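*Asks:* got a predicted structure here, sequence first:
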Amino acid sequence: MKILQNFFFKNLSFFRFLVVGVFASIINFLCFCILFYQLNIYDTLSYSISYVLGVVIGYVFNKKWAFNYKNNDNKTLFTKYFLVYTFNLFLGMGVFKLVLIMSNIEEMIIQPIVIIITAVFNFLGLKTLVFRGLK
């Protein structure tokens with residue numbers, strides 16, 4: 001039990017990042033479903049809007065809670081954060097379209113797959129480029 005407690009304490013930012021990521025991904029997914037299925041907005045636009053909403057939610061909670069970042073100078077941090085997520089936006093859109101074109105898989109199934117792929121790349125980017133050196 002002590003080993004598990006030490007592991008959790010040493011990786012608290014990681015676990016909090018996962019919680020924030022799940023929350024932001026749920027919002028992302030629900031937004032996509034509403035935009036695409038209810039409002040009949042084009043798939044790529046629906047994906048983009050829902051992704052941006054997830055990024056904004058993720059930034060606020062990752063900064064304040066997951067990485068406990070207290071510096072008030074948000075410009076550089078948000079720029080780095082935004083660049084990581086912008087890269088992953090295009091990666092996700094590319095994967096989304098590629099899977100959509102090459103398969104007969106429903107958009108509602110593709111979206112969670114893309115979320116998982118981009119989550120891995122987002123964590124790596126945030127850990128190495130944005131919040132490096134922070135505990």
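*Replies:* In hand now; what should we look at? Residues are numbered from 1 along each chain as shown.

*Asks:* next, the contact list for residue 66, please.
*Replies:* 13, 16-17, 19-20 (C-beta atoms under 8 Å, 6 or more residues apart in numbering). C-beta coordinates here come from the backbone N, C-alpha and C atoms, glycine included.

*Asks:* tell me the confidence at it?
*Replies:* Model confidence at residue 66, given as pLDDT, is 83.

*Asks:* now for the residue nearest to residue 117 when sequence neighbours are not counted, how many residues are close by?
*Replies:* What sits nearest to residue 117 in space, not counting adjacent residues and going by C-beta to C-beta, 6 or more residues apart in numbering, is residue 95, at 5.9 Å. Residues near residue 95, counting by other C-beta atoms under 10 Å, number 16.

*Asks:* could you do residue 90 as well?
*Replies:* If you count neighbours by other C-beta under 10 Å, residue 90 ends up with 11.

*Asks:* so how far is the biggest helix by length in the chain from its chain's centroid?
*Replies:* Criterion DSSP state H: the longest helix present in the chain is helix 74-102. Its chain's C-alpha centre and that of helix 74-102 lie 9 Å apart, by C-alpha atoms, centre = their mean, to the nearest Å.

*Asks:* tell me which other helices or strands it touches.
*Replies:* helix 43-61, helix 107-125 (3 or more C-beta pairs under 8 Å, 6 or more residues apart in numbering; DSSP states H and E).

*Asks:* I'd like the mean pLDDT over that helix, please.
*Replies:* pLDDT averaged over helix 74-102 gives 89.

*Asks:* buried set for that helix?
*Replies:* 77, 80-82, 84-85, 88-89, 92-93, 95-96, 99 (16 or more other C-beta atoms under 10 Å).

*Asks:* looking at those, which is nearest residue 43?
*Replies:* Taking C-beta to C-beta as the measure, residue 43 lies nearest residue 96 of those, at 7.6 Å.

*Asks:* leaving out chain neighbours, which residue sits closest to the closest one?
*Replies:* residue 114 (5.0 Å).
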